[in-house]
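>>> Requesting a structural model of the entry that follows:
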Amino acid sequence: MARVARLLLELGAEAREDFLYVEVVLPRGIPWIEATGLRFTKRLFDVGLEVGKDGRLCYALRPGRSPAAVAVVIRGDTGGYGCEYRVDKDPEPPTAFWDRLYLMVVRLRRWVFEKPDAGVDLAWRLYREAEESHRVRPRRETYLVRRLLEEFVWAECERARAARRVRNAAKRAAYEELVRTAASAPHSLNVLCKLGFPVQARRLGRGDWRVDVSCGGEEFSGWGRCAVEAAGDLLRVHGCRLAA
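Numbering: from 1, shown residues only. As a prediction, this is how the structure comes out:
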């Protein structure tokens, strides 16, 4: 998780801390509603041995030095208890945790990399206003203003495009490493493929996937917003029959 948190920070995430949580999230829109990233639940106290003033060993409560749980935050939602990795109880993160991590990484792309027209909204608005003014009442002055603004807009677009390429190139390596980490994790699709049955993932539409598995002459299916989520749906419903 430390590796994922480091990559998120390289992509522009913010580290926020309160009494109970430490969040590494990319805030978008309303921070507490659309924040996406990781949430670490603090271990408030650790019980351990310490040396007392008399030189004897004794039990003592001290501030926790490791998280008690880790959750993936997608648009302010942690996905519930079943998707949380309980560091003090689970030897390894559950499959549902890796599913949410993969889904978070896929959704993160449109927030990490800037759009081509980012930063030139004001220039375009001024140009549209000048064009509308000239269309309603054509004059030499409005024509010259529109022509000057058109040249200005194209210059601003080129400047913003060059700056955007530099910023996106700096983030590309960190994002690609994050994708490789999420794709190689033991999420539902990887778990399903390791069972040894033929697996077919199909995209039915935008945000609509179906995963089919053939086993013993029967076909089992699952649906979701991505192939990993569809595989998770299939394992949740038919996992016992496939593992038998």
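>>> what's residue 215 sitting at in phi/psi?
Phi and psi for residue 215, reported as degrees, to the nearest 10, are phi -150, psi 120.
>>> nope, residue 221 is what I was after
Residue torsions, per degrees, to the nearest 10, at residue 221 are phi -130, psi 150.
>>> swap in the one 5 residues further on?
Comment: the main-chain dihedrals of residue 226 come out as phi -150, psi 170, following degrees, to the nearest 10.
>>> same deal with residue 207?
Residue torsions, per degrees, to the nearest 10, at residue 207 are phi 70, psi 20.
>>> Do you know the pLDDT at it?
pLDDT, residue 207: 79.
>>> cool, residue 179 as well?
Looking at residue 179, its pLDDT stands at 91.
>>> repeat for residue 72
pLDDT, residue 72: 92.
>>> Look up which helix or strand it falls in, please.
Assigned by DSSP states H and E, residue 72 falls within strand 67-73.
>>> Show me what that strand is packed up against.
In this structure, strand 67-73 packs against strand 21-26, strand 36-42, strand 85-86, helix 95-112, with contacts taken as 3 or more C-beta pairs under 8 Å, 6 or more residues apart in numbering; DSSP states H and E. Every residue, glycine included, has its C-beta placed from N, CA and C.
>>> And the ones you listed: which comes nearest residue 69?
Of all the helices and strands packed on strand 67-73, it is strand 36-42 that lies closest to residue 69, at 4.1 Å by C-beta to C-beta.
>>> Give the buried residues for that closest one.
Neighbour-count burial for strand 36-42 flags 36, 37, 38, 39, 40, 41, 42 (criterion: 16 or more other C-beta atoms under 10 Å).
>>> worst-scoring helix or strand of the chain, pLDDT-wise?
Lowest on mean pLDDT, DSSP states H and E among the helices and strands of the chain sits helix 31-34, with a mean of 64.
>>> before we move on, the earlier item: so of the buried residues of strand 36-42, which two are at opposite extremes in space?
Using C-beta to C-beta, the two most remote members of the buried residues of strand 36-42 are 36 and 42, lying 20.4 Å apart.
>>> returning to that earlier point: can you redo the helices and strands packed on strand 67-73 as a markdown table with mean pLDDT?
Shown next, in a markdown table, are those (pLDDT from 0 to 100):
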| stretch | mean pLDDT |
| --- | --- |
| strand 21-26 | 88 |
| strand 36-42 | 89 |
| strand 85-86 | 90 |
| helix 95-112 | 87 |
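>>> Figure out which of the ones you listed is closest to residue 231.
Once the helices and strands packed on strand 67-73 are compared by C-beta to C-beta, helix 95-112 is nearest, at 8.1 Å.
>>> Doesn't residue 201 belong to a helix?
No - using DSSP: H, G, I helix; E, B strand; the rest coil, the assignment for residue 201 is strand, not a helix.
>>> is it in a bridge, and if so with what?
Note on residue 201: beta-bridge partners residue 211, judged by DSSP bridges.
>>> Name the nearest residue to residue 221, ignoring sequence neighbours.
residue 212 (5.1 Å; C-beta to C-beta, 6 or more residues apart in numbering).
>>> residues contacting the one you found?
By C-beta atoms under 8 Å, 6 or more residues apart in numbering, the contact list for residue 212 reads 199, 200, 202, 219, 220, 221.
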